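J.: any chance you could fold what I've pasted below:
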Amino acid sequence: MAAATSVSDFLTALLDRRRTSDDLRESSIEELCDALLSTRGQVSGRRIATALLMRYKALSDVDKRAFFQYLNDELDVDAGKIADLAAEYKQSGSTNQFEELVAAAEPRRQELFRRLNQAEGATASLVQMRVDLLGFVKDEPELKRTDLDLVHLLTSWFNRGFLVLEQITWSTPANILEKIVAYEAVHEIQDWEELRRRLHPSDRRCFAFFHPAMPEEPLIFVEVALTKEIPGSIQQVLSSDRVAMDVDDVKTAVFYSISNCQRGLAGISFGNLLIKQVASELSQELSQLTTFVTLSPIPLFAKWRAQEALDELPCDADLAAYYLLEAKRSDGLPVDPVARFHLGNGALVHDVHDDADTTQKGRAQSGGVMVNYLYDLGQTEQNHEEFALNQTVAASRSLKQRARGMAQRLNTIKTETSK
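T.: Take a look at the predicted model:
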């Protein structure tokens, strides 16, 4: 009798599960959201989250847009309730009212995203979901509210404590090496032989950050050349016929390519952490290293020159020095995004080089000029503070002189033009 009851219970549970699955398939995506926010059980919550993510993935772009509009409008905060609770808390200072205020200030869609992350593989799905959302925000800026909630959670989930630094070598699994080739955003990797030249020689390194929830997806990676001197061109670094150096002779670590891999994590910065940790790793491995620099593109230089109607001046290193130190946005920060990144990390603008990138892309974006940002590990904190507080651009003496010389030249041109 006991055995029969056991079988009966099993069949009943199986039928209940089947009915639940049928209900999930027949429910609208809005009903699935409501069900996920209402459930308290982990098992049922995981099942609903999985169904919801699968349903979202199958939506058309039109329906995805409608889904985000639903999140934005129907799962928003109640501003009136927040105002009332804030006024009450201001009067009483009660812990209970503070708790109510905090709860009311969090949009329900934020809790929805949090519960969606119960499903297997959900973190990667949510990162991809944000890629879709960013596309819609361009035309519907009010959806930025939903984006802010998703960024808030992703920033927490991808904080430094969860990131894993791994060295990428020629022995790294092929599926990850394929992604390094695909995600390289600065200097295109043409084929496997070129990838081998960047990873295999003893004077080359590559490091990437990974997250435990996305173990086969690099988040960001940096390619490093170990050299004696600071290089003045990317051709010098990537030459196919160069001879690898003995690592005992190297003195300089050159960060020549930094590529973000996940568009859905845009605005969540890993680059600062990556450079500092790689510099620390290399210092421990090679104690003779004394210099840490980049060899970086200047992506908006040619565009700025055209906007400033400076066609009579060549797109060269002298003008680039002026651009990097003096061209500012309305908020006082440099026009150049790569400059903002490295200066914000505490680097200084060290040197500029003509004919440093002779590729079509390099010529188009900067006339072939490239720049070295120097990371003086004993000075980066102070440089960062000055840049963050006063927008001060740290630069070498020689670069400041070049910029001053170009400023005088520009003033002369302006005076002659106004006559």
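J.: show me the strands in the stretch 51-200 of the chain, by range?
T.: When assigned using DSSP state E, counting those that start in this stretch, the strands of the stretch 51-200 of the chain occupy the ranges 164-167.
J.: where does it have low pLDDT?
T.: Applying pLDDT under 70 to the stretch 51-200 of the chain picks out no residues at all.
J.: how is the protein carved up into domains?
T.: 17-157, 161-415 (automatic domain parsing).
J.: how far off centre is the longest one?
T.: Chain-centre distance of domain 161-415: 15 Å, with C-alpha atoms, centre = their mean, to the nearest Å.
J.: ok, now the first one?
T.: With C-alpha atoms, centre = their mean as the basis, domain 17-157 stands 23 Å off its chain's centre.
J.: next, G121: phi, psi?
T.: phi 70, psi 10 (degrees, to the nearest 10).
J.: and it, how many neighbours?
T.: G121: 11 surrounding residues under other C-beta atoms under 10 Å. To be clear about C-beta, it is placed using only N, CA and C from the backbone, and glycine gets the same treatment.
J.: same thing with V254?
T.: By other C-beta under 10 Å, the burial measure for V254, its neighbour count, is 23.
J.: which helix or strand contains the nearest residue to it once chain neighbours are set aside?
T.: Sequence neighbours aside, A225 is the residue nearest to V254 in space, at 4.4 Å (criterion: C-beta to C-beta, 6 or more residues apart in numbering). Counting by DSSP states H and E, the element that carries A225 is strand 220-227.
J.: only the C-alpha atoms, please, for stretch 80-100, written as CSV.
T.: C-alpha atoms of stretch 80-100 as CSV (Å, rounded to 0.1, in the frame of the first residue of the first chain):
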residue,chain,number,x,y,z
GLY,A,80,4.1,60.0,-4.8
LYS,A,81,4.6,57.2,-2.3
ILE,A,82,8.3,57.9,-2.1
ALA,A,83,7.6,61.6,-1.4
ASP,A,84,5.2,60.8,1.4
LEU,A,85,7.5,58.3,3.0
ALA,A,86,10.4,60.6,2.7
ALA,A,87,8.5,63.4,4.5
GLU,A,88,7.4,60.9,7.2
TYR,A,89,11.0,59.7,7.7
LYS,A,90,12.3,63.3,7.8
GLN,A,91,9.9,63.9,10.7
SER,A,92,10.4,60.7,12.7
GLY,A,93,13.8,59.3,11.7
SER,A,94,12.2,55.9,12.4
THR,A,95,14.1,52.8,11.3
ASN,A,96,10.9,51.2,10.2
GLN,A,97,10.0,54.2,8.0
PHE,A,98,13.5,54.2,6.6
GLU,A,99,13.1,50.6,5.6
GLU,A,100,9.8,51.3,3.9
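J.: which parts of that stretch are buried?
T.: Within stretch 80-100, the residues that count as buried by 16 or more other C-beta atoms under 10 Å are 85, 89, 97, 100.
J.: from what I can see the last one touches I82, true?
T.: No - at 9.9 Å, E100 and I82 do not qualify as touching, with contact defined as C-beta atoms under 8 Å.
J.: returning to that earlier point: so of the domains of the chain, which one's packed in deepest?
T.: Counting by mean count of other C-beta atoms under 10 Å, domain 161-415 has the highest mean neighbour count of those, with a mean of 17.
J.: before I go, just wanted to say thanks for your time.
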